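[1] let's see this in three dimensions:
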Amino acid sequence: MPLGIFLYEIDESFGPNLLAEYYIKEIGITKEILKNLGDNHLKKTDLNYITHTKDDLKYYSKEIKLDEKLSIYLGLITTSGEFIDSFIAIFDEIEAKIVENFSKDKEKLKFLLKEILQSRIELDEKLKEPKLIREKLNERIKDLLDEERIQEARNLIDLGEIIPNEIAQSVKIAEELFESQDYKNAKKHYVKAAELAKKIEELEIHKVLEEKAKTAENYPTYLRERDEAYKNLNFLLSEIDSKKDGYYLQAIDIINKVVELSEKLDDDLIITDLNELINLCKNCSNLSENIRQNDEIIKNLLKKFI
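    Just a heads-up that it's a prediction; the model follows:
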């Protein structure tokens, strides 16, 4: 479950500047983390969103274009290792809502973020609690009756007696299967729940469940690709004593691939170690380049004496 949401801008001269924030727990966000997110956005502009993990919290950040020239950034905070499919699936809708309702008034922005976060939390709760879906259906049934659309109201009443329970049951089974690494059958139950949500026109729930089904479908591929990347990395690192030009840059490319796959697998502890490895390889690459340049200078000087 998301624990917080925030908006910030990046000033070219002064760096990231927090515009508004809302949390359901006393966590907040430090200047250090905000700077890290801002720096990563400038480096990784091709990614849909970037992440940063510290202690037991994970920070997601996505660029939002208010117009052709002005961008702000949406941040979400969750517990490390927890998937936030319900946010990822509707990032575009959240973005559209922020663009439409953006204000320079910080209190208005904070209220907007609170509204977005609470609606997402309610959405997650709906997946597990049939009563919440029925309450929403009852509101729609009342509207249909007020409009004298009697047959549509009856159909929705009949569906409301069965489908909310079936959605909750299918989601529960899917999550248990996912935890036990039976990704194929987890996908089937997420798809079943998504189809049921579509029948009662719960389109937000439908979209979230489709995203969960997609995650379950892709998970084995991510695992295989990461294992292959690990093999390539281990082979490369085994040659560290006989390295050639570009060795560290080649290692960085492979490690970045492992990081990308680990992000999709939400393996945050591994990502922390991999990022440290990338920094070490970058330092070594810079040192290697300095050594190479000095070698050339030494060779040219030696020629004068030979």
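[2] could you pull up the mean pLDDT of stretch 127-134?
    The average pLDDT within stretch 127-134 is 82.
[3] now do that stretch: distance to the chain's middle.
    Chain-centre distance of stretch 127-134: 25 Å, with C-alpha atoms, centre = their mean, to the nearest Å.
[4] contact partners of it?
    86, 122, 125-126, 160, 163-165, 167-168, 171-172, 193, 200, 202, 205, 208-209 (C-beta atoms under 8 Å, 6 or more residues apart in numbering). For every residue, glycine as well, the C-beta is placed using N, CA and C.
[5] recalculate using a threshold of 6 Å.
    125-126, 160, 164-165, 168, 171 (C-beta atoms under 6 Å, 6 or more residues apart in numbering).
[6] of all the residues you listed, which comes closest to residue 7?
    Set against residue 7, the nearest of the contacts of stretch 127-134 by C-beta to C-beta is residue 125 (24.2 Å).
[7] just give the nearest non-adjacent residue to the closest one, would you?
    residue 132 (5.9 Å; C-beta to C-beta, 6 or more residues apart in numbering).
[8] element containing that neighbour?
    helix 130-146 (DSSP states H and E).
[9] how far off centre is the helix or strand just after that helix?
    Next in sequence after helix 130-146, counting helices and strands by DSSP H and E, comes helix 150-179. Relative to the mean C-alpha coordinate of its chain, helix 150-179 is positioned 27 Å out (C-alpha atoms, centre = their mean).
[10] show me what helix 150-179 is packed up against.
    With contacts defined as 3 or more C-beta pairs under 6 Å, 6 or more residues apart in numbering; DSSP states H and E, the packing partners of helix 150-179 are helix 130-146, helix 183-199.
[11] again, 7 Å this time
    Counting contacts by 3 or more C-beta pairs under 7 Å, 6 or more residues apart in numbering; DSSP states H and E, helix 150-179 is packed against helix 106-128, helix 130-146, helix 183-199.
[12] hmm, back to that, what angle do the helix holding residue 132 and helix 106-128 make?
    Angle, helix 130-146 to helix 106-128, by axes from the mean of the first three to the mean of the last three C-alpha atoms, to 10 degrees: 100 degrees.
[13] please parse this structure into its domains.
    Domains of the chain are assigned by automatic domain parsing as 4-116, 129-218, 239-303.
[14] end-to-end on the first one?
    Start to finish, the residues bounding domain 4-116 are 10 Å apart (C-alpha to C-alpha, to the nearest Å).
[15] i'd like the first residue to be 40 from this point on
    Happy to do that; since the first residue is 40 now, the last one works out to domain 43-155.
[16] what about residue 265, neighbour count?
    Neighbour count of residue 265, defined by other C-beta atoms under 10 Å: 20.
[17] distance between the helix or strand hosting it and the chain's centre?
    Using DSSP H and E, residue 265 sits in helix 242-277. How far helix 242-277 lies from its chain's middle: 13 Å, per C-alpha atoms, centre = their mean.
[18] run through who's touching the helix or strand that that helix is followed by.
    Sequence order places helix 286-303 as the next helix or strand after helix 242-277, per DSSP H and E. By C-beta atoms under 7 Å, 6 or more residues apart in numbering, the residues outside helix 286-303 that reach it are 90, 261, 264-265, 268-269, 271-272, 275-276, 309-310, 313-314, 316-317, 320-321, 323-324, 327.
[19] for residue 329, give its distance to residue 315.
    From residue 329 over to residue 315 the distance is 22 Å, taken as C-beta to C-beta, to the nearest Å.
[20] for this structure, name the helix or strand with the lowest mean pLDDT.
    Least confident element among the helices and strands of the chain, by mean pLDDT, DSSP states H and E: helix 124-127 (a mean of 58).
[21] re the thing from before, would you mind finding the most buried of the helices and strands packed on helix 189-218?
    Burial of these is given as mean neighbour count (mean count of other C-beta atoms under 10 Å); helix 222-238 ranks first at a mean of 20.
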